[in-house]
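1. give me the fold of what follows.
(chains A and B)
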There are 2 protein chains.
Amino acid sequence: VQRLQEADVIFYDRLVDPELLELARRDAERVYVGKAPGSAAWPQDRTNGLIVAAARSGKRVVRLKCGDPGIFARGAEEAAALEAAGIGWEVVPGVTAACAAAAATAGFLTERGRIDAVVLATGQLKPGDPPPNWGRLVAQGTTIALYMAVATAPDVQRALLAAGAPAGTPVDVVARAGCPDAQVLRADLGTLADQMAEADTGAPAIILVKLDKLRVVHSRCARTDANAA
Amino acid sequence: VQRLQEADVIFYDRLVDPELLELARRDAERVYVGKAPGSAAWPQDRTNGLIVAAARSGKRVVRLKCGDPGIFARGAEEAAALEAAGIGWEVVPGVTAACAAAAATAGFLTERGRIDAVVLATGQLKPGDPPPNWGRLVAQGTTIALYMAVATAPDVQRALLAAGAPAGTPVDVVARAGCPDAQVLRADLGTLADQMAEADTGAPAIILVKLDKLRVVHSRCARTDANAA
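-> Okay, the predicted model is just below:
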């Protein structure tokens, strides 16, 4: 809030809550530099150039992103452009979408004795890079949080199943995590892509896959009880 | 802030900034339920019991933690106690320590084309559980963020090196991430534990290990240039 109130100009993203912009000074310039998923209409270079030009002209600049600027937010590229221009900068951390998504599900990314690691990964890489190896993320006791994975959900599902994740693994898909109108879809890994298609889940969404250490034990107990009954 | 101002009683942790407590109503009860690392002086069960008892007596309760309540914060245990007592609850997400730590280093947990995954893991598990398999976290293009790993830093270092992480891998250790007096130690994996001991790094601290995809290529180029010169 302090930095917003000091800003002469604010470059903001597509997903930024309009109420946040209200916190800035009335005379601050507000510049939209968002891009729709997959669109190259507003290239990163152009954003970098605008930020550098504004700072060079002596303005105090805030680059306002949704979530945490250190996670899948291309902050390093903007920082490198500032470095190259000899302009000082700092990062103000934020609530990353995986944390907002877990809160929206009334769940927790870790659970003592059951889930002791969280992997934040992405459904999309830089164009030209080989597709991510999602299968290697599969490990007991891990929550896998996938950013920008709506379009690649069928591939993610296939890769995780092929790596041995059970079809019954619970998956929460949270659209617009952190926004007042966030929506939670409770699915399982075996039918994830179909359920997302049926619910018409649109980007942005976070996919939370919970590989609970105790889950297999639990379902075994349930089966034993059923057999005993 | 809104929830703090609605609270009749606030149960807060050791690491909570005292200024946060100033945001609550003057007549709100403030109860310290913190514990020092490794100490069992204030067991989780007792905290759970206090929260449930306060809520049962009709009070509005805030359980105030440092960081994000979904990550290594034992939120699931407190939520389970509330569920068992039939008490409604919600999670308000926060800035997790790994994000605050990266911001303190003026760094980024991901960097497009170089680091496309972040693993949040812990240096300490539930007593009795086997030690974490840190080696399996080693993968090119990953930032490993270790929470509560000051005491086990020598074991972490050994495991990551044994799994193939280069000794020259850059490691940032951030003590009191998110606090105004945060301290950054820039180290490398080969001498991490020695450097932490020399700097007398105390808990709480976050250890950020950056396995950059381009790093090996870069150092090879540097070597080639040196040879050419």
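
2. switch to C-alpha atoms for all contacts and neighbour counts from now on
-> Fine.

3. and the residue nearest the centre of chain A, what pLDDT?
-> The centre of chain A sits closest to residue A:147, judged by Cα atoms, centre = their mean, with a distance of 3.8 Å. Looking at residue A:147, its pLDDT reads 97.

4. settle this for me: it is touching residue A:125, isn't it.
-> No - Residue A:147 lies out of contact with residue A:125 (Cα atoms under 8 Å); the separation is 10.7 Å.

5. returning to that earlier point: and the residue nearest to the centre of chain A, what are its bridge partners?
-> Each beta-bridge partner of residue A:147 is listed here: residue A:122, residue A:206, as defined by DSSP bridges.

6. that one and chain B: what is the separation?
-> Applying Cα to the nearest Cα, to the nearest Å, the value for residue A:147 to chain B is 10 Å.

7. try residue A:64
-> According to Cα to the nearest Cα, residue A:64 stands 15 Å off from chain B.

8. go on, residue A:179?
-> Distance, residue A:179 to chain B, using Cα to the nearest Cα: 12 Å.

9. one more: residue A:149?
-> Counting by Cα to the nearest Cα, the gap from residue A:149 to chain B is 13 Å.

10. what residues does that residue make contact with?
-> Going by Cα atoms under 8 Å, 6 or more residues apart in numbering or on different chains, residue A:149 touches A:122, A:123, A:124, A:156, A:205, A:206, A:207.

11. ditto for residue A:103
-> When contacts are counted by Cα under 8 Å, 6+ apart, residue A:103 touches B:70, B:90, B:91, B:92, B:93.

12. can you rerun that using 7 Å?
-> Counting by Cα atoms under 7 Å, 6 or more residues apart in numbering or on different chains, residue A:103 touches B:91, B:92, B:93.

13. quick one: secondary structure of the last one?
-> Same thing as residue B:93. Using DSSP: H, G, I helix; E, B strand; the rest coil, the structure places residue B:93 in coil.

14. ok, it touching residue B:67?
-> No - look at residue B:93 against residue B:67 with Cα atoms under 7 Å: they stay out of range, at 8.4 Å.

15. picking that back up, now the contacts of residue A:103: which count as buried?
-> Among those, those buried by neighbour count (16 or more other Cα atoms under 10 Å in any protein chain shown) are B:91, B:92, B:93.

16. and chain A, which of these reach it?
-> Subset of the buried ones among the contacts of residue A:103 in contact with chain A: B:91, B:92, B:93, counting by Cα under 7 Å from any Cα of the partner chain.

17. quick check: closest non-adjacent residue to the second one.
-> Read it as residue B:92. Nearest non-adjacent residue to residue B:92, counting by Cα to Cα, 6 or more residues apart in numbering or on different chains: residue A:103, 6.3 Å away.

18. okay, and that neighbour sits in which element?
-> Using DSSP states H and E, residue A:103 falls within helix A:97-104.

19. need the three-state assignment for residue A:118.
-> Under three-state DSSP, residue A:118 falls in the strand class.
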